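Engineer: using only what follows, build the 3D model:
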Amino acid sequence: MHRALCPVETLYVGQRSRAVLSCALRGPVDVAALSAAFDATTEANPPLRSRIEQDGEGHVLRLLGEDERPRLVTRTGDATDAYTAELNRPLPVGGPLSRAVLVSAPGGESHLFVLVVDHTVVDGHSSITLHNAVWDRYRALVDGQPGAGTADPGLPRWPEPVSRLLPPADDADTAKYLDGRIEEMRRHPVELVPYDVPRPSAGAREPAPHGRVEVRRLTLDADLTSRLRRTARGAGVSVHALIAATLLATARRRLDGDGPRTLGCLSPVDLRSRLTPPLPASALVPAVTTHLQTLEVSEASEPLRLARTVHGRLSDFLSRGDHFHEMRITPEIPRNPALQLATVIATNMGVVPGPRLPSGLRAVDVRLVPAREHYFPQAGRSPVMACVVSFEGRLSIEFPHSTACYSPSFMRAFRDDVRAGLLRFTTGADAGHPPAATG
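Structural biologist: Numbering: from 1, shown residues only. Predicted coordinates for the structure are as follows:
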């Protein structure tokens with residue numbers, strides 16, 4: 001059994017990116033029940049037990065044999081070391097597109113569960129839903145619900161590619177939109193944040209440094225998260241806009257010069273709720289397009305003004321229906337990389353629930369981090385990625401990076417500057433009004 005990848009999905013094959021979901025746990029875990037829950041979840045979702053294969057000029061998802069399909073891996077060890085190892089362990093083409101690992105501390109009272117899924121078959125929303133579905137099945141098994149460990153019988157149900165679910169469009173309109181986007185990028189090329197790790201000189205004998213993926217993390221507690229939301233409401237913008245503006249201002253301080261510089265902000269846009277009928281988050285397909293906007297940012301730019309610009313442009317983009325055009329032109333990105341070249345990438349999963357667990361087991365931390373197999377230290381600069389999600393009302397921003405490009409100290413300072421900027425947005429929340437714009 002197999003299913004052809006559409007041109008949009010095929011782009012992810014070369015990117016080799018993956019979603020890394022993790023859950024730190026306290027309490028006893030029934031390993032047999034968790035293994036059965038993962039097996040039932042992969043049985044119900046063919047993409048999870050598939051591999052990517054070349055098929056002519058395209059690619060297909062093909063089901064793995066019974067002895068090849070992914071199974072829960074369990075071991076004893078340190079949670080921090082295990083997380084770093086799983087973050088850096090790829091899902092190579094030709095192998096399973098998912099992996100589940102449970103690492104338990106000696107004594108078995110604390111655990112780390114890691115679920116890794118290839119972005120060819122998931123996006124942020126579906127990966128979170130998938131993670132919670134595994135734990136829903138686990139809870140049902142532990143609670144003794146009948147049939148909890150089995151999937152529905154029948155042939156595999158392959159989800160339809162989102163690119164085939166878009167509303168009808170005139171090819172001429174799509175071509176005109178593409179021409180406009182290319183011209184906009186030509187007229188406003190964006191600047192990127194330079195790497196602080198020295199890159200090899202041209203013709204150097206030594207190979208490029210081989211880094212590993214690390215993550216710097218910013219978290220706000222429930223009270224500060226609520227204050228940030230109140231500030232956003234009072235200013236008439238989204239929390240996403242406040243975060244994007246803070247990222248832009250932080251990136252600008254990493255560039256030379258005093259005057260304005262052209263920076264780009266890339267915002268992923270979820271298409272699920274915008275399709276007719278809406279596509280549930282349980283459908284394992286990448287259902288995301290992007291919005292790229294360029295802004296003139298100087299050291300004196302006032303973040304709230306930046307936020308209003310980001311919010312207004314993104315709102316206009318959606319109201320025009322340009323998110324559908326953007327999805328249609330995605331296959332053009334390899335020929336025109338500037339279509340998605342940004343100074344900062346600010347994802348936004350919104351407020352999402354954590355896993356529901358049986359009595360006696362507690363989730364103490366839940367994370368979503370995107371990781372890639374390929375980074376390019378030889379490029380000398382790149383976008384800065386910020387993965388934003390609020391599990392159970394607490395904001396978290398993850399900054400994944402390769403240590404061959406940005407050093408841990410550089411990314412710590414970047415994260416700390418972003419945190420300071422967000423905290424400034426919270427200072428006026430208790431007074432019932434956002435901080436005043438001053439520039």
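
Engineer: is it true that G259 touches S298?
Structural biologist: Yes. Using CB atoms under 8 Å, G259 is in contact with S298, at 5.9 Å. C-beta here means a position set from N, CA and C on the backbone, and glycine is covered the same way.

Engineer: and the helices in this protein?
Structural biologist: Listed in chain order, the helices of the chain (DSSP state H) span residues 7-15, 31-44, 79-88, 124-142, 171-187, 222-235, 239-252, 303-319, 322-328, 408-426.

Engineer: neighbour count: G259 and S298, which is higher?
Structural biologist: S298 (13 against 8; other CB atoms under 10 Å).

Engineer: the closest residue to the more buried one other than its chain neighbours: how many residues sit nearby?
Structural biologist: In space, and not counting its chain neighbours, S298 is closest to P260: 4.2 Å by CB to CB, 6 or more residues apart in numbering. Applying other CB under 10 Å, we find 14 residues neighbouring P260.

Engineer: same check on S273?
Structural biologist: Neighbours of S273 (other CB under 10 Å): 11.

Engineer: same question, V388
Structural biologist: For V388, using other CB under 10 Å, the count is 21.

Engineer: quick one: it and A346 touch, right?
Structural biologist: Yes. V388 lies in contact with A346 (CB under 8 Å); the separation is 6.3 Å.

Engineer: now the chain, which segments are flagged as low pLDDT?
Structural biologist: The chain contains residues with pLDDT under 70 at 148-155, 200-209, 428-439.

Engineer: domain map for it?
Structural biologist: Annotated domains of the chain cover 2-162, 170-426 [automatic domain parsing].

Engineer: give the residues shared as contacts by V388 and A346.
Structural biologist: 240, 243 (CB atoms under 8 Å, 6 or more residues apart in numbering).

Engineer: now tabulate the helices of the chain in CSV and tack on distance to A100 and mean neighbour count.
Structural biologist: Formatted as CSV, the helices of the chain follow (distance: least, CB to CB, whole Å; neighbours: other CB atoms under 10 Å):
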stretch, distance to A100, mean neighbour count
helix 7-15, 20, 17
helix 31-44, 5, 20
helix 79-88, 10, 16
helix 124-142, 7, 22
helix 171-187, 39, 13
helix 222-235, 29, 18
helix 239-252, 30, 26
helix 303-319, 35, 19
helix 322-328, 30, 20
helix 408-426, 28, 17
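
Engineer: export the ones you listed as CSV, with columns for distance to G350.
Structural biologist: Shown next, in CSV, are these (distance: least, CB to CB, whole Å):
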stretch, distance to G350
helix 7-15, 22
helix 31-44, 23
helix 79-88, 23
helix 124-142, 9
helix 171-187, 26
helix 222-235, 11
helix 239-252, 8
helix 303-319, 14
helix 322-328, 16
helix 408-426, 16
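
Engineer: for A283, find the nearest of those.
Structural biologist: helix 124-142 (6.5 Å; CB to CB).

Engineer: so which elements touch the closest one?
Structural biologist: On a contact count with 3 or more CB pairs under 8 Å, 6 or more residues apart in numbering; DSSP states H and E, helix 124-142 meets strand 17-26, helix 31-44, strand 110-118, strand 362-372, strand 384-391.

Engineer: next, the angle strand 110-118 makes with the longest one.
Structural biologist: When axes from the mean of the first three to the mean of the last three CA atoms, to 10 degrees is applied, the directions of helix 31-44 and strand 110-118 differ by 10 degrees.

Engineer: now helix 31-44, how far from the centre of its chain.
Structural biologist: Counting by CA atoms, centre = their mean, to the nearest Å, helix 31-44 is centred 24 Å from the centre of its parent chain.

Engineer: cool, stretch 278-295 as well?
Structural biologist: 10 Å.

Engineer: and stretch 55-73, by the same measure?
Structural biologist: 23 Å.

Engineer: dump the C-alpha coordinates for it into CSV.
Structural biologist: What follows is stretch 55-73, C-alpha atoms only, in CSV (Å, rounded to 0.1, in the frame of the first residue of the first chain):
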residue,chain,number,x,y,z
ASP,A,55,8.8,7.0,-7.4
GLY,A,56,9.9,8.3,-10.8
GLU,A,57,10.4,12.0,-10.4
GLY,A,58,8.3,12.1,-7.3
HIS,A,59,8.0,10.4,-3.9
VAL,A,60,5.5,8.1,-2.3
LEU,A,61,4.6,7.0,1.3
ARG,A,62,4.8,3.2,1.4
LEU,A,63,3.8,1.0,4.3
LEU,A,64,6.6,-0.7,6.2
GLY,A,65,6.6,-4.4,6.8
GLU,A,66,5.4,-5.7,10.2
ASP,A,67,9.0,-6.3,11.3
GLU,A,68,10.0,-2.7,10.2
ARG,A,69,7.3,-0.6,11.7
PRO,A,70,8.2,1.6,14.7
ARG,A,71,7.8,0.3,18.2
LEU,A,72,8.2,2.0,21.6
VAL,A,73,11.8,2.0,22.7
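
Engineer: which parts of it are buried?
Structural biologist: 59, 61, 63-64, 69-70, 72 (16 or more other CB atoms under 10 Å).

Engineer: N88 against V215, yeah?
Structural biologist: No. Assessed by CB under 8 Å, N88 is found out of contact with V215, at 10.7 Å.

Engineer: farthest pair within the buried residues of stretch 55-73?
Structural biologist: H59 and L72 (27.2 Å).

Engineer: mind listing what the closest residue to H188 other than its chain neighbours touches?
Structural biologist: Spatial nearest neighbour of H188, chain neighbours left out: T294 (4.3 Å); criterion: CB to CB, 6+ apart. Residues in contact with T294 (CB under 8 Å, 6+ apart) are 184, 188, 190, 262-265.

Engineer: got it, and V20?
Structural biologist: Applying CB under 8 Å, 6+ apart, the residues near V20 are 86-87, 114-116, 367-371.

Engineer: now it: how far from D173?
Structural biologist: 38 Å (CB to CB, to the nearest Å).

Engineer: now flag whichever of the buried residues of stretch 55-73 is closest to E43.
Structural biologist: The shortest approach to E43 among these belongs to R69, at 8.7 Å (CB to CB).

Engineer: which ones are touching the closest one?
Structural biologist: 42, 49, 96.

Engineer: thinking the first one is in contact with A36, fair?
Structural biologist: No. Look at T42 against A36 with CB under 8 Å: they stay out of range, at 11.0 Å.

Engineer: can you say which of the contacts of T294 are buried?
Structural biologist: Judged by 16+ other CB under 10 Å, buried ones among the contacts of T294: 190, 263-265.
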